[in-house]
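Visitor: can you look at this prediction? I've put the sequence above it.
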Amino acid sequence: MVSKEYLEKVRFAIRRNANSEVDRELTDIIEQCREDLIRVGVEKDIACDENNKSVLGCQRAFARWQFGIGGDDAERNREDYRLMADELRKSVPEEKEAV
């Protein structure tokens, strides 16, 4: 589930006003990004953590890439997303570090 506050943050990243069609598409994009993060090895709890600033950075780049903000920025946002997702995947949660 995507909270209203989180949806607003990602919507701001793509510079769109609130409307039901944009919100439905963005919700799908957020969920798609979460699934992709999990696919590349990010733990589900982290990928779905709406308070994690690194995850939010991934979401913003992914949304800009997927939402159709075209031109040269699409490629840059795709690369930004991939780099941030890889760094997130490599990071070790604090609980596991203690083990």
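Guide: Ah, there it is. Because the structure is a prediction, the values reported are computed rather than measured.
Visitor: any idea how far the closest residue to residue 9 other than its chain neighbours lies from residue 21?
Guide: Closest residue in space to residue 9, ignoring its immediate chain neighbours: residue 56 at 6.4 Å, by C-beta to C-beta, 6 or more residues apart in numbering. C-beta coordinates here come from the backbone N, C-alpha and C atoms, glycine included. If you measure residue 56 against residue 21 using C-beta to C-beta, to the nearest Å, the figure is 23 Å.
Visitor: now residue 13
Guide: In terms of C-beta to C-beta, residue 13 sits 17 Å off from residue 21.
Visitor: picking that back up, the residue nearest to residue 9 is in what secondary structure piece?
Guide: Taking DSSP states H and E as the criterion, residue 56 maps to helix 53-66.
Visitor: residue 45 now?
Guide: Element membership of residue 45 [criterion: DSSP H and E] is helix 44-47.
Visitor: which of residue 13 and residue 21 has more residues huddled nearby?
Guide: residue 13 (20 against 8; other C-beta atoms under 10 Å).
Visitor: residue 44 contacts residue 38, correct?
Guide: Yes. When contacts are counted by C-beta atoms under 8 Å, residue 44 is listed as touching residue 38 (5.4 Å).
Visitor: lovely, talk soon.
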